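A.B. asks: Need coordinates for the following:
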Amino acid sequence: MLSSTVMSVSPRVPSSLTPPPPSSASVRAIPGSYGWPVLGPLADRLEYFWFQGPEKFFRKRIEKYNSTVFRTNVPPTFPFFADVNPNVIAVLDCKSFSFLFDMDLVEKKNVLVGDFMPSVKYTGDIRVCAYLDTAETQHSKVKSFALDILKRSSSIWASEFVACMDAMWDTLDADLAKSQSASYIFPLQSAIFNFLIKCLVGADASVSPEIAKSGYAMINRWLFLQLLPTVSINVLQPLEEIFLHSFPYPFFLVKGDYSKLYDFISKNGQAVIQRGETEFNLSEKETIHNLLFVLGFNAFGGFSVFFPTLIDAICSDPELQAKLREEVRSKIKPGTRLTFESVKDLELVSSVVYETLRLNPPVPNQFARARKDFLLSSHDSVFEIKKGDLLCGFQKLAMRDPKIFENPETFIADRFTKEKGRELLNYLFWSNGPQTGSPSEANKQCAAKDNVTTTAMLFVTHMFQRYDSVTAGAASITAMEKAK
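C.D. replies: Numbering: from 1, shown residues only. Next up is the predicted model:
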């Protein structure tokens with residue numbers, strides 16, 4: 001039965017990389033161990049956060065076990081996470097990583113960030129879509145609602161984004177005129193927040209001066225406290241381990257912020273709330289909390305991580321800027337109103353966006369729990385997975401698979417161009433699925449997968465409509481030469 005399961009899996013992997021159908025005799029025992037109770041998880045936690053860092057943590061174990069699939073522990077763990085099981089099976093090459101998205105084999109119930117789940121108080125005492133498995137009836141309703149919001153917003157998405165980016169660049173122009181550098185993080189986040197409020201909620205943040213001024217900061221605090229036990233902050237150790245990674249932070253610390261955001265949507269997003277209730281059979285509470293999670297966690301959080309890495313990749317390379325500028329201006333006439341359609345043929349721009357997502361995906365880890373027993377394949381081995389096993393994929397390594405990507409550690413701007421580059425999109429998994437996949441009610445792929453990449457293309461294109469060059473580093477702009 002297990003052999004037939006593997007034979008049905010994953011058209012994502014080209015036939016040239018697929019080994020013969022595995023037999024029970026070819027199954028390899030999964031290397032690694034979880035160590036002694038308490039001590040093993042604690043030791044792994046300290047190495048993950050302190051002594052090695054996440055990337056080195058996984059790399060060292062690949063070398064140790066000579067395998068991209070192995071047993072280990074991931075945070076959070078001891079002392080105040082008694083209900084969290086840190087035991088995982090790491091899957092760190094493209095082939096084994098792809099099993100995380102086969103919904104016949106795995107489930108996604110409550111495993112967004114591993115076995116640890118932030119308190120549902122952060123989401124109004126309900127499990128929002130990100131924590132639902134596809135087998136749950138509620139998942140289909142909420143995912144359909146999210147897809148509908150994106151579809152309806154498509155007519156204003158590009159124009160609202162460009163307007164908000166103009167406001168951001170105007171702010172940075174003014175700041176740079178007064179100083180030798182201008183931090184872009186908060187102006188960028190403010191612009192992203194205002195744009196998302198308009199497109200997803202159908203409201204104008206300016207109707208509430210407090211939300212317009214501080215809404216993005218409210219979401220930052222709400223996100224930060226939820227994820228704190230699972231992320232490295234790189235502050236002075238051992239204080240980080242003692243105070244940031246040892247216990248979950250209570251919701252009451254951001255309850256005021258969240259209530260203000262909820263009330264704003266309740267008052268100003270009536271049209272979208274009504275659609276949630278009448279067309280998707282969601283309660284008002286379910287509609288608002290899911291909408292707020294999509295806006296704050298998925299969209300705002302994702303863009304806030306992704307855009308700075310995109311800016312750094314482009315602004316640190318003057319030669320790349322010249323090539324991007326040439327492509328943008330040769331294919332888009334000055335003064336052209338930017339739309340999804342207008343940027344779709346910018347091959348180098350899209351490749352730079354994809355390459356940034358490959359090397360620095362906004363979400364570092366993907367998790368899934370085995371729905372049943374099955375055989376999992378890496379490039380060179382087959383492993384038996386048992387029902388209930390938690391799989392963990394560290395995306396930075398999975399998408400630097402040397403058997404898929406040539407010079408995998410190097411940023412290659414045109415990697416995803418031409419026919420060979422387009423084939424590589426099968427292995428670009430940043431969106432909880434391959435870039436060639438399609439989000440639906442039946443899977444967990446990011447509903448805004450295509451919006452994210454196209455929005456990033458709009459960002460790059462708009463930048464080179466305004467400027468000949470931009471110099472940046474350490475989250476600050478240090479020079480901008482306006483377009484001639």
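A.B. asks: immediately after the strand or helix carrying residue 342, which helix or strand?
C.D. replies: Using DSSP states H and E, residue 342 maps to helix 340-343. Remark: after helix 340-343, the chain's next helix or strand is helix 347-359, criterion DSSP H and E.
A.B. asks: Which residues does that next one contact?
C.D. replies: 306, 309-310, 313-314, 320, 323-324, 327-328, 343, 396, 399-400, 405, 411-418, 421, 425, 428, 430, 435, 453, 456-457, 460-461 (CB atoms under 8 Å, 6 or more residues apart in numbering). Every C-beta, even on glycine, is put in place using the N, C-alpha and C of the backbone.
A.B. asks: Out of those, list just those in helices.
C.D. replies: 306, 309-310, 313-314, 320, 323-324, 327-328, 343, 396, 418, 421, 453, 456-457, 460-461 (DSSP state H).
A.B. asks: Just the buried ones out of those, please.
C.D. replies: 306, 310, 313-314, 320, 324, 327-328, 343, 396, 421, 453, 456-457, 460-461 (16 or more other CB atoms under 10 Å).
A.B. asks: Check the residues you listed and tell me the two furthest apart.
C.D. replies: 328 and 396 (28.8 Å; CB to CB).
A.B. asks: my guess is residue 442 contacts residue 103, does it?
C.D. replies: Yes: using CB atoms under 8 Å, residue 442 makes contact with residue 103 at a distance of 6.8 Å.
A.B. asks: And those two? Which one has more around it.
C.D. replies: The neighbour count for residue 442 versus residue 103, taken as other CB atoms under 10 Å, is higher for residue 103 (17 against 13).
A.B. asks: Not including adjacent chain positions, what is the nearest residue to the more buried one?
C.D. replies: residue 134 (5.1 Å; CB to CB, 6 or more residues apart in numbering).
A.B. asks: and that neighbour, that one's in a helix?
C.D. replies: No: in this structure, residue 134 is coil, not part of a helix, as judged by DSSP: H, G, I helix; E, B strand; the rest coil.
A.B. asks: what sits against the nearest residue to residue 421 once chain neighbours are set aside?
C.D. replies: Nearest in space to residue 421, with sequence neighbours left out and distances taken as CB to CB, 6+ apart, is residue 415 at 5.9 Å. Shown in contact with residue 415 (CB under 8 Å, 6+ apart): 351, 354-355, 358, 405, 421, 424.
A.B. asks: farthest-separated two in the residues you listed?
C.D. replies: Applying CB to CB across those, the maximum distance is between 351 and 405, 13.0 Å.
A.B. asks: ok, which stretches of the stretch 1-150 of the chain are helices?
C.D. replies: Assigned by DSSP state H, counting those that start in this stretch, the stretch 1-150 of the chain shows helices spanning 2-7, 39-46, 54-65, 94-97, 137-178.
A.B. asks: Out of these, indicate the one that is most buried.
C.D. replies: When you average the neighbours per residue for each of the helices of the stretch 1-150 of the chain (mean count of other CB atoms under 10 Å), helix 94-97 leads with a mean of 27.
A.B. asks: Could you export it as PDB, CA atoms only?
C.D. replies: The C-alpha coordinates for helix 94-97 follow below in PDB (Å, rounded to 0.1, in the frame of the first residue of the first chain):
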ATOM      1  CA  CYS A  94      12.900  20.300  -3.300                       C
ATOM      2  CA  LYS A  95      11.600  16.700  -3.800                       C
ATOM      3  CA  SER A  96      10.900  15.900  -0.200                       C
ATOM      4  CA  PHE A  97       9.700  19.500   0.500                       C
END
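A.B. asks: So which residues make contact with that helix?
C.D. replies: Helix 94-97 is touched from outside by 10, 13, 17, 68-69, 91, 366, 376-379, 393, 395, 398-399, 401, 403-404, 427, 429, with contacts defined as CB under 8 Å, 6+ apart.
A.B. asks: 10 Å - rerun?
C.D. replies: Under the criterion CB atoms under 10 Å, 6 or more residues apart in numbering, residues 9-10, 12-13, 17-19, 67-69, 89-91, 366, 376-383, 391, 393-395, 397-401, 403-405, 424, 426-429, 434 lie in contact with helix 94-97.
A.B. asks: Now go through these and say which are in strands.
C.D. replies: 69, 89-91, 366, 376-377, 382-383, 391, 393-394 (DSSP state E).
A.B. asks: now the residues you listed in a markdown table, with distance to residue 208, neighbour count and pLDDT?
C.D. replies: As requested, the ones in strands among the contacts of helix 94-97 are exported to a markdown table (distance: CB to CB, whole Å; neighbours: other CB atoms under 10 Å; pLDDT from 0 to 100):
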| residue | distance to residue 208 | neighbour count | pLDDT |
| --- | --- | --- | --- |
| 69 | 50 | 28 | 98 |
| 89 | 47 | 21 | 98 |
| 90 | 45 | 27 | 98 |
| 91 | 44 | 27 | 98 |
| 366 | 36 | 26 | 97 |
| 376 | 49 | 29 | 97 |
| 377 | 53 | 24 | 96 |
| 382 | 56 | 21 | 96 |
| 383 | 53 | 22 | 97 |
| 391 | 43 | 23 | 98 |
| 393 | 40 | 29 | 98 |
| 394 | 40 | 21 | 98 |
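A.B. asks: Output those residues as CSV; include the columns distance to residue 76.
C.D. replies: Converted to CSV, those look like this (distance: CB to CB, whole Å):
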residue, distance to residue 76
69, 23
89, 18
90, 17
91, 20
366, 17
376, 25
377, 30
382, 31
383, 26
391, 18
393, 18
394, 16
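A.B. asks: quick revisit: in terms of mean pLDDT, which of the helices of the stretch 1-150 of the chain ranks lowest?
C.D. replies: When those are ranked by mean pLDDT, helix 2-7 comes last with a mean of 34.
A.B. asks: CA atoms of the helix holding residue 342 as CSV?
C.D. replies: The C-alpha trace of helix 340-343 is given here as CSV (Å, rounded to 0.1, in the frame of the first residue of the first chain):
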residue,chain,number,x,y,z
PHE,A,340,-1.3,44.0,-14.0
GLU,A,341,-1.3,43.7,-17.8
SER,A,342,1.3,46.4,-18.4
VAL,A,343,4.0,44.5,-16.4
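A.B. asks: So which bits of that helix are buried?
C.D. replies: Here helix 340-343 shows 342-343 as buried, counting by 16+ other CB under 10 Å.
A.B. asks: can you list contacts of that helix?
C.D. replies: 154, 157-158, 328, 331-333, 336, 349-350, 450-451, 454-462.
A.B. asks: picking that back up, overlap of the contact sets of residue 351 and residue 405?
C.D. replies: Contacts common to residue 351 and residue 405, judged by CB under 10 Å, 6+ apart, are 412, 415, 424.
A.B. asks: how about the nearest residue to the last one, chain neighbours excluded?
C.D. replies: Closest residue in space to residue 424, ignoring its immediate chain neighbours: residue 416 at 5.9 Å, by CB to CB, 6+ apart.
A.B. asks: Quick check: the gap between the one you found and residue 349.
C.D. replies: From residue 416 across to residue 349, the span is 11 Å (CB to CB, to the nearest Å).
A.B. asks: Likewise for residue 163?
C.D. replies: For residue 163, the distance to residue 349 - CB to CB - is 20 Å.
A.B. asks: Check residue 301 too.
C.D. replies: Residue 301 is 24 Å from residue 349, by CB to CB.
A.B. asks: again, but for residue 334
C.D. replies: For residue 334 relative to residue 349 (CB to CB), the value is 17 Å.
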